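Chemist: The following comprises the amino acid sequence and a computationally predicted model.
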Amino acid sequence: MASILRFRKLCYVEPVKCSSLGFQSYVTPKVGKKDDGIVPKVKTVVVEKKREQQKKKKKKRQPKEWRCIDYCCWMIGYMCTTWWLLLFLYHCLPATWPGFQVPESPGTRLKREGLTALHPVVLVPGIVTGGLELWEGRPCSEGLFRKRLWAGSFSEIFKRPLCWLEHLSLNNETGLDPPGIRVRAVPGLVSADYFAPGYFVWAVLIENLAKVGYEGKNLHMAAYDWRLSFQNTEIRDQALSRLKSNIELMYLTNGYKKVVVVPHSMGVIYFLHFLKWVESPPPTGGGGGSGWCAKHIKAIMNIGPAFLGVPKAVSNIFSSEAKDIAFIRSFAPGLLDSEILGLQTLEHIMRVSRTWDSIVSLLPKGGETIWGNLDWSAEEGHGFSFAKKGQASMSGNNLNNSNQRSLQLKDPVKYGRIISFGKVASQLPSSQLSTFDSKEFPRTNTSTNFNSSCGEVWTEYDEMSRERIRKIAENKAYTARTLFDLLRSVAPKMMQRAEAHFSHGISENLDDPKYEHYRYWSNPLETRLPDAPDMEIYCLYGVGIPTERAYVYKSSPSEKCKNIPFRIDSSAEGDEGSCLKSGVYFVDGDESVPVLSAGFMCAKGWRGRTRFNPSGMETHIREYRHKPPASLLEGRGMESGAHVDIMGNVALIEDILRVAAGATGAEIGGDKIYSDILRMSERINIRL
């Protein structure tokens, strides 16, 4: 007991340090003369210990320094949360509130007028919008059997992104399934009704068709794997044979009523391929005979048709970019290809997308005759100019005639230069430009390339030398003719494989036996429409939105491993009233497809009896002037002309319902044109 008291006296009374005994040091507090001063001393020590412990906890709770990836994740989280909250509030608002009444749908109104279902309807989705599900995969895909890998919740992107990309890729040699992987199109109407939760594609049109009497027996979605070349969808999945059988079945079970086909975007040229395939003899064709289309099809109502291709496909193959990617790069430099983050986003996208043959089907068709050369293009004077407030106005068309004088460009834009390296190269006289010769750029062997040890991320740029990259970008501009040589130089494996399935020229003689090959069937300039004089063809598309037409490029730093050596020069800006913005030249269109590609065949190529339309079937152009949503509650707009949002356009839906109910093109009003497609078409010198 005495030893304990001595210990207490040593530690609590004497002003000494006891750290060697495991206690904290302290200074002896002042006490009164009474002997009970020991108790306050003990309390002081306890308080000091508690303070020390609190300080340690505060140090532990100090937040870590945030990295770029943390900010990105939080930003994505905030955006998703805000979107879902707004969507929830929108659906919870009472329809009876003033100003919140939902306008009457076209289907409801037309049903009240007595319109009912008559002709069966077949919907054909385009590229990207159709769902894909997993049937067989690698060990990393455990638990994903028959789950959507595309056009669903996209949760697998965040859980296992490299595994997800591996399963979306096709074999780089065959364009079919890689060993051990089977990804197939989701069947039925659910395959393309929504691209993601809350983002409709075909859902609004399907709902309106249902209001006038359509259901499973007379409404069909022709789902297919949009990654494959068109003929490969038949070779692997018999998709064309199943489409033929479904049309025949619907024709028989609906009182021998002809079918109305409604394709969208790339689905338009996919169905054009079908029209030739179904009447061609086996084994490459469907064996339906020359009268099959005339017997089974009433009308083809093409929505956002990419008949002659889109320049966006060029930039996608060349650098995995479009205007949106260029904007992100200018807004947040290095985010998409940061070495710190290790994302290599565009390289991975290029690695996967260059296995999809369908992208090559969307490259511009018709060469310089359609898309222009170094000094001329059909769209000169019909470009898209940007006002000071960021609002777009068309130059030289009848939508904004009051503004034409102020929007005319000083010098005609040379849209024929689809790719220019530098703003100067996009504007120089052609005599001052270097000419492109594909023989200048022979393929180098892998022992001399500069990216041979880059590892996982594969692009065909890994096989190119710095010298070849420098020559490609050296004061060059590429037209619809020379860009194919350019793409064959930078992506030879992809182009060699895909060009066995697609062609992009103009036929000189359609009687030539070579045009019986399936590689020509999706090009409207190298094939004939079927002999079906009573069939009608419609071109339905939006106008009034700036649409990509040509690009200004620059070289990227080529020292980095796994690097795409070219990118859109987002710093290239035009003067006030120019159609050049962030390295992209714009024309009138629906945001994805220029008017020229969407409307030329209906305006001139097929109009009347031509060598491309020998039976003289009627063609109709129905344009829909874009009107953005008036408020957030209107969603994506009921009068939108955008490439996908147009599927909710009330005027377009009404046109489709009326034709499906038996009306002809003349009965719904014939042509409805707002753009300058007729004048542009007249400037194209093509033998009809």
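Modeler: Yep, that arrived. Numbering: from 1, shown residues only.

Chemist: Tell me how far D225 lies from Y520.
Modeler: 22 Å (CB to CB, to the nearest Å). No exception for glycine: its C-beta is placed from N, CA and C like everyone else's.

Chemist: Please spell out which residues along the helix or strand harbouring L483 are buried.
Modeler: Using DSSP states H and E, L483 sits within helix 482-490. With burial defined by 16 or more other CB atoms under 10 Å, the residues of helix 482-490 counted as buried are 482-484, 486-490.

Chemist: what secondary structure does the residue lying closest to P103 once chain neighbours are set aside sit in?
Modeler: Spatial nearest neighbour of P103, chain neighbours left out: M638 (6.6 Å); criterion: CB to CB, 6 or more residues apart in numbering. Using DSSP: H, G, I helix; E, B strand; the rest coil, the structure places M638 in coil.

Chemist: what about M638, distance to I668?
Modeler: To I668, M638 is 19 Å away according to CB to CB.

Chemist: If you count surrounding residues, which of the two has more?
Modeler: Comparing M638 with I668 by neighbour count (other CB atoms under 10 Å), the higher total belongs to M638, at 20 against 17.

Chemist: wait, what's in contact with the more buried one?
Modeler: By CB atoms under 8 Å, 6 or more residues apart in numbering, the contact set of M638 is 103, 629, 648-650.

Chemist: how close does V186 get to R625?
Modeler: Note on V186: its distance to R625, by CB to CB, is 34 Å.

Chemist: cool, and H264?
Modeler: From H264 across to R625, the span is 19 Å (CB to CB).

Chemist: same check, this time on N563
Modeler: On the measure of CB to CB, N563 and R625 end up 43 Å apart.

Chemist: Looking at the two, which is more packed in?
Modeler: Residue environment comparison for N563 versus R625 gives the larger neighbour count to N563, 23 against 15, counting by other CB under 10 Å.

Chemist: and the next element down the chain from the helix holding L483?
Modeler: Next helix or strand after helix 482-490 toward the C-terminus (DSSP H and E): helix 492-498.

Chemist: Now that next one: buried residues?
Modeler: For helix 492-498, burial by neighbour count (16+ other CB under 10 Å) applies to 494-495, 497-498.

Chemist: between those residues, which is nearest Y270?
Modeler: Proximity of those to Y270 was ranked by CB to CB; the top entry is A498 with 14.7 Å.

Chemist: For Y214, which non-adjacent residue is closest in space?
Modeler: In this structure, Y214 finds its nearest non-sequential neighbour in A117, 4.9 Å apart by CB to CB, 6+ apart.

Chemist: What is the three-state secondary structure of that neighbour?
Modeler: coil.

Chemist: if you count residues, which strand in the chain comes out on top?
Modeler: The strand spanning the most residues in the chain, taking DSSP state E as the definition, is strand 545-555.

Chemist: Tell me the first helix or strand C-terminal of it.
Modeler: In the C-terminal direction, the helix or strand that comes right after strand 545-555 (DSSP H and E) is strand 566-568.

Chemist: That following strand pairs with which strands, parallel or anti?
Modeler: In its sheet, strand 566-568 lies beside strand 545-555 (antiparallel), with partners assigned from DSSP bridges.

Chemist: from the contacts of M638, which is closest to T547?
Modeler: The closest of these, once distances to T547 are taken by CB to CB, is N649, at 16.7 Å.

Chemist: Who is the residue nearest to that closest one when sequence neighbours are not counted paired with across the strands?
Modeler: By the measure of CB to CB, 6+ apart, the closest residue to N649 outside its immediate chain neighbours is Y624, 5.4 Å from it. According to DSSP bridges, the partner residues bridging Y624 are G542.

Chemist: is it true that Y624 touches I653?
Modeler: No - the pair Y624 and I653 does not pass the contact test of CB atoms under 8 Å, sitting 10.5 Å apart.

Chemist: Overlap in contacts, these two.
Modeler: Between them, Y624 and I653 have no joint contacts when contacts are counted by CB under 8 Å, 6+ apart.

Chemist: can you pick the most crowded of the contacts of M638?
Modeler: Of all the contacts of M638, N649 has the most neighbours under the rule other CB under 10 Å, reaching 26 neighbours.

Chemist: lowest-confidence helix or strand of the chain?
Modeler: Least confident helix or strand of the chain, by mean pLDDT, DSSP states H and E, is helix 404-407 with a mean of 33.

Chemist: What's the first helix or strand after it?
Modeler: Using DSSP H and E, the helix or strand that follows helix 404-407 in sequence is strand 419-421.

Chemist: helices or strands next to that following strand in the packing?
Modeler: Here strand 419-421 touches helix 311-319, strand 477-478, strand 545-555, going by 3 or more CB pairs under 8 Å, 6 or more residues apart in numbering; DSSP states H and E.

Chemist: Direction included, what does the shortest one pair up with?
Modeler: Spelled out, it's strand 477-478. Pairing partners of strand 477-478, with direction, according to DSSP bridges: strand 419-421 (antiparallel).

Chemist: could I have the helix or strand following the partner strand exported to PDB, CA atoms only?
Modeler: Later in the chain than strand 419-421, the nearest helix or strand by DSSP H and E is helix 466-472. Listed in PDB are the C-alpha atoms of helix 466-472, where the atom choice follows Å, rounded to 0.1, in the frame of the first residue of the first chain:
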ATOM      1  CA  ARG A 466       5.700   8.500 -87.000                       C
ATOM      2  CA  GLU A 467       6.800   9.400 -90.600                       C
ATOM      3  CA  ARG A 468       3.600   8.000 -92.000                       C
ATOM      4  CA  ILE A 469       1.500   9.900 -89.500                       C
ATOM      5  CA  ARG A 470       3.300  13.100 -90.300                       C
ATOM      6  CA  LYS A 471       2.800  12.700 -94.000                       C
ATOM      7  CA  ILE A 472      -1.000  12.100 -93.600                       C
END
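
Chemist: Please identify the deepest-packed of the helices and strands packed on strand 419-421.
Modeler: For the helices and strands packed on strand 419-421, ranked by mean neighbour count under the definition mean count of other CB atoms under 10 Å, the leader is strand 477-478 at a mean of 26.

Chemist: What mean pLDDT does that strand get?
Modeler: Here the mean pLDDT over strand 477-478 is 93, rounded to a whole number.

Chemist: Quick check: which of the helices and strands packed on strand 419-421 is nearest to K604?
Modeler: Nearest of the helices and strands packed on strand 419-421 (CB to CB): strand 545-555, 19.2 Å.

Chemist: angle of that closest one against helix 311-319?
Modeler: Relative orientation of strand 545-555 with respect to helix 311-319: 20 degrees, computed using axes from the mean of the first three to the mean of the last three CA atoms, to 10 degrees.

Chemist: Show me the domain layout of the chain.
Modeler: Under the assignment automatic domain parsing, the domains of the chain span 2-30+46-84, 132-185, 360-527+537-592.

Chemist: tell me which element F195 is part of?
Modeler: Here F195, judged by DSSP H and E, is contained in strand 194-196.

Chemist: List the strands paired with the helix or strand just after that strand, with their directions.
Modeler: Taking DSSP H and E as the definition, the helix or strand that follows strand 194-196 towards the C-terminus is strand 199-200. Next to strand 199-200 in the sheet, as set by DSSP bridges, lie strand 194-196 (antiparallel).
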